[in-house]
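Peer 1: I need the structure of the sequence given here:
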Amino acid sequence: MQSSLARQLALPVRTGCADPGRLDRSGSLRCRAEAAPPVSVSRTGPYTGRDPELKKPAWLRQRAAQGGKHARMRESLSELNLNTVCVEAQCPNIGECWNGGGGAGGEGDGIATATIMVLGDTCTRGCRFCAVKTSNKPPPPDPMEPLNTAIAVVGWGVDYVVLTSVDRDDLPDGGSDHFVQTELKPGILVECLTPDFRGDLEAVSSLANSGLDVFAHNIETVRSLQRIVRDPRAGYEQSLSVLKHAKNCKEGMITKSSIMLGLGETDEEVRQAMIDLRAIGVDILTLGQYLQVSPVPAFDFGAARLSILSSYKPNYLMLQPTDKHLTVREYVTPEKFQFWKEYGESIGFRYVASGPLVSLHDNG
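Peer 2: Reported below is the predicted structural model:
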């Protein structure tokens, strides 16, 4: 069932299996899913976990992107020279979200969602979980991008839009003003999933007061893994500072963050990260499985790659590892994700989406 916040904001619902965990006598978090046989992964790229042998579990399979609304959105993105993190980050839920199907493992909620990545398709940082290409000197932002974004969203007929971006450490304000220039029509709920703007709180204030509905910034992983997972210019405390400031600079601001699981974090570290987020008033939390990205772009708009995509049989995509990204230590079970959802709700998050294929639209 949707929470009251989900109903208010029409947030896409991602559900999982129910098998709640418990606290043991020492106070440590335990989940019945921990008794399941371990699922290993192939050792390609920087190694964060145990030696891998087995295939990915069946619950990580997702159908290839398809559907009428998906096709129309794909065409307009190409025509307007826009980027979407759904493509650049190789999200396996692209067809479900764009068609309003409710996402991986979820019940169709009918809420069509799109995530547009502004400030270009090239990031100035090199996080070891991300598929977006990187450069110290990316091309300058397209001055027509804010207008083209508004035009595209009007034509799509989506209900919920996420504006995110690459990190742009080469720009004085980190690209904050570029976000602000993107004005969407009334009636569309707007979430801005932002970079940390190098900790520039003035840039955070400018964006938080621009009329958005949800200010999102991801801490990505637990405190102990920050240096392994994220670019050195990002950091746990800096991300908390951004979220706290966004919450405080506007009354009623809804804030959101995300955590990837499967990188070697412990239960206690996940619990502490959730507590830290609640301590600064974060309202919404999403938790999803870290997946190594594919060396072959699974979703692209070029005709040749679309023809490759259409040849997949039986129409399932599985992300494959590269030598540039962190390996997966653990494939977290749907039952464990359900456990974290229930724990998050118990400590006061207004809405928690937690599941193996919950889309985090990561932004380091």
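Peer 1: which residues sit in contact with the closest residue to Ile259 other than its chain neighbours?
Peer 2: Using C-beta to C-beta, 6 or more residues apart in numbering and skipping residues adjacent in sequence, the residue nearest Ile259 is Leu287, 5.1 Å away. Just so you know, the C-beta spots here come from the backbone N, C-alpha and C atoms, and that holds for glycine as well. Leu287 makes contact with 258-261, 337, 340-341, 344, 352-355, 358, according to C-beta atoms under 8 Å, 6 or more residues apart in numbering.
Peer 1: rerun at 7 Å
Peer 2: Going by C-beta atoms under 7 Å, 6 or more residues apart in numbering, Leu287 touches 259, 261, 337, 340, 354, 358.
Peer 1: tell me the SS of the residue nearest to Ile188 when sequence neighbours are not counted?
Peer 2: Spatially, and ignoring its direct neighbours in sequence, Ile188 is nearest to Val161 (5.6 Å; C-beta to C-beta, 6+ apart). Secondary structure state of Val161, per DSSP: H, G, I helix; E, B strand; the rest coil, is strand.
Peer 1: partners of Val161 in the sheet?
Peer 2: Ala114, Val190 (DSSP bridges).
Peer 1: if I read this right, it contacts Ala114, doesn't it?
Peer 2: Yes: here Val161 reaches Ala114: they are 5.8 Å apart, a contact under C-beta atoms under 7 Å.
Peer 1: just the contacts of Leu287 now: which is nearest Ala273?
Peer 2: Ile259 (6.0 Å; C-beta to C-beta).
Peer 1: Across the sheet, point out what pairs with the closest one.
Peer 2: If you apply DSSP bridges, the partners that Ile259 bridges to are Glu220, Leu287.
Peer 1: how far away is it from Gly348?
Peer 2: Ile259 is 16 Å from Gly348, where distance means C-beta to C-beta, to the nearest Å.
Peer 1: Tabulate the contacts of Leu287 in TSV, adding columns for secondary structure.
Peer 2: Formatted as TSV, the contacts of Leu287 follow (three-state DSSP):
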residue	secondary structure
Ile259	strand
Leu261	strand
Phe337	helix
Trp340	helix
Ser354	strand
Val358	coil
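Peer 1: Specify which member of those residues is nearest to Pro57.
Peer 2: Closest to Pro57, out of all of the contacts of Leu287 and judged by C-beta to C-beta, is Phe337, at 12.5 Å.
Peer 1: What number of residues are in the vicinity of that closest one?
Peer 2: Phe337 is flanked by 30 other residues according to other C-beta atoms under 10 Å.
Peer 1: Show the contacting residues for it.
Peer 2: Contacts of Phe337 by C-beta under 7 Å, 6+ apart are 16, 287, 354-356.
Peer 1: The same query, at a cut-off of 8 Å, please.
Peer 2: 16, 261, 287, 354-356, 358.
Peer 1: ok, now Asp169?
Peer 2: Here Asp169 is in contact with 124-125, 198, 233 (C-beta under 8 Å, 6+ apart).
Peer 1: Which neighbouring elements make contact with the helix or strand that contains Leu147?
Peer 2: Here Leu147, judged by DSSP states H and E, is contained in helix 145-156. On a contact count with 3 or more C-beta pairs under 8 Å, 6 or more residues apart in numbering; DSSP states H and E, helix 145-156 meets helix 68-79, strand 113-118.
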